[in-house]
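1. Got a sequence here, can you build the structure:
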Amino acid sequence: MIRLKDIAQAAGVSVMTVSKALRDKPDLAVATKERIRKLADQMGYVPDVSAQTLRTRNTRVLGLVLSTSTNPVNARICLAIEEQAYELGYEVLLAHTLNRTDREEAVLRRMIARRVDGVFISPVYRLEPRAPIYDELERRRIPAVLLGHGAPFCEAFPAVETEDVAASEAVTRHLMELGHRRIAFFAGPMISPWAKERLEGYRRAHREAGVPLEDTLVFNAGSTIEEGAAAALQFLQEQPGATAIQCVNDLVAIGAGETLLNQGQRIPQDFSLAGYGNVLTSEYFRVPLTTVRQPKLRMGSVAMDLMQRRLRGEEVKTVRLPAELAIRASTGSPRTDLPV
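-> Numbers count the residues shown, from 1 in each chain. Okay, the predicted model is just below:
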């Protein structure tokens, strides 16, 4: 193992000079630092992270806790965070909760034990107003930034959210402007604030347009492709008379769209279909999907900015980012041959 002493001897300088060069201290000449760094690379020197941690009390490690990284929204947020962390000299420790509260607590406790400098969390939502692990993070003063909407149990921490009510309202308004008056809504898990906000946007558009709201047009669809497919089958069986379907996210919309097409329905001639999130698959679906461009990379970038400020001891507040409508081929005017 190459030590600072070995580099100093090879370079003909003191150990202190080598240490300063590798830490890029300003009181050394640039040429001297470059010569020592080049020599250290040639000799295969690897810094002792454990020693640095003891000296600085910083691990240069950030925790990142997601439901799953296979979720395309999470994947883009994760990419943005990891890219910026790399540029800033941080490592990212990734863990999955699989939307289980017990697993969320376990992985967060492991990160506390690893002495991460801070942690990004996509919360596992629950009905309880308090969650012991979040109370512990606050008590230990571990900087945390939420990826997604806050809730009572995690309200002490800043979050990066999307303006879901306004964006969902824009989708419903777009369908109404095309002439749709009976619009089904495939809703997400109501324990999740983002799902509630998207349903509220749908309802708000109806209220503002003076169009009656009907409970029979709202279907529980979860958040996955499989759940969207199941909701579409239920929709076709119940035949509520809707001419358009608005989905809580793109995965649900893609599952619903596959079912409709496989059942011989046409999109948008028989049913207009819209999603939310603008995951990559939505643009390349069999019928390109009208959706909401959720600013995923921007969310990750803003989250890292909030984390840097928290690490400096600054007070930060929740940031809500706007999202815009992306109109594609899956939405069109309703059929004119339907019975009134």
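
2. can you give me the strands in the protein?
-> 61-66, 91-96, 118-121, 144-147, 159-162, 183-187, 218-220, 244-247, 272-274, 291-293, 319-321, 324-326 (DSSP state E).

3. Not counting the last one itself, show me its contacts.
-> The list of residues contacting strand 324-326 from outside it, by Cβ atoms under 8 Å, 6 or more residues apart in numbering, reads 167, 170-171, 174, 278, 290-293. No exception for glycine: its C-beta is placed from N, CA and C like everyone else's.

4. Can I get these in TSV including pLDDT, distance to T68 and neighbour count?
-> What follows is the contacts of strand 324-326, written out as TSV (pLDDT from 0 to 100; distance: Cβ to Cβ, whole Å; neighbours: other Cβ atoms under 10 Å):
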residue	pLDDT	distance to T68	neighbour count
A167	98	23	23
A170	98	28	17
V171	98	25	28
H174	98	30	19
N278	96	19	25
T290	98	26	28
T291	98	20	29
V292	98	21	27
R293	97	22	16
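
5. Identify the farthest-apart pair in these.
-> Comparing all pairs in these by Cβ to Cβ, the longest separation belongs to H174 and N278, at 14.3 Å.

6. domains for this structure, by residue range?
-> Using automatic domain parsing, the domain parsing of the chain gives 4-47, 57-157, 164-294.

7. and the strands of the chain, which is most packed in?
-> Stretch with highest mean neighbour count among the strands of the chain: strand 244-247 (a mean of 31; mean count of other Cβ atoms under 10 Å).

8. Could you save the strands of the chain as a markdown table and add columns showing distance to R309?
-> A markdown table is the format used below for the strands of the chain (distance: least, Cβ to Cβ, whole Å):
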| stretch | distance to R309 |
| --- | --- |
| strand 61-66 | 14 |
| strand 91-96 | 18 |
| strand 118-121 | 11 |
| strand 144-147 | 10 |
| strand 159-162 | 13 |
| strand 183-187 | 35 |
| strand 218-220 | 39 |
| strand 244-247 | 35 |
| strand 272-274 | 36 |
| strand 291-293 | 26 |
| strand 319-321 | 11 |
| strand 324-326 | 27 |
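
9. Which of those sits closest to R37?
-> R37 lies closest to strand 91-96 among the strands of the chain, at 20.3 Å (Cβ to Cβ).

10. Tell me which other helices or strands that closest one touches.
-> strand 61-66, helix 72-87, helix 101-113 (3 or more Cβ pairs under 8 Å, 6 or more residues apart in numbering; DSSP states H and E).

11. again, only this time at 10 Å
-> Counting contacts by 3 or more Cβ pairs under 10 Å, 6 or more residues apart in numbering; DSSP states H and E, strand 91-96 is packed against strand 61-66, helix 72-87, helix 101-113, strand 118-121.

12. To L261, which of the ones you listed lies closest?
-> With Cβ to Cβ as the measure, helix 72-87 is the member of those nearest L261 (20.8 Å).

13. what is the mean pLDDT for that closest one?
-> Mean per-residue pLDDT for helix 72-87: 94.

14. looking at the helices and strands packed on strand 91-96, which is buried most?
-> Of all the helices and strands packed on strand 91-96, strand 118-121 has the most neighbours on average by mean count of other Cβ under 10 Å, namely a mean of 25.

15. Output the contacting helices and strands for that strand.
-> Using 3+ Cβ pairs under 10 Å, 6+ apart, strand 118-121 sits against strand 61-66, helix 72-87, strand 91-96, helix 101-113, helix 132-139, strand 144-147, helix 296-311.

16. Tell me how far it lies from the chain's centre.
-> Relative to the centre of its chain, strand 118-121 is centred 12 Å away, using Cα atoms, centre = their mean, to the nearest Å.
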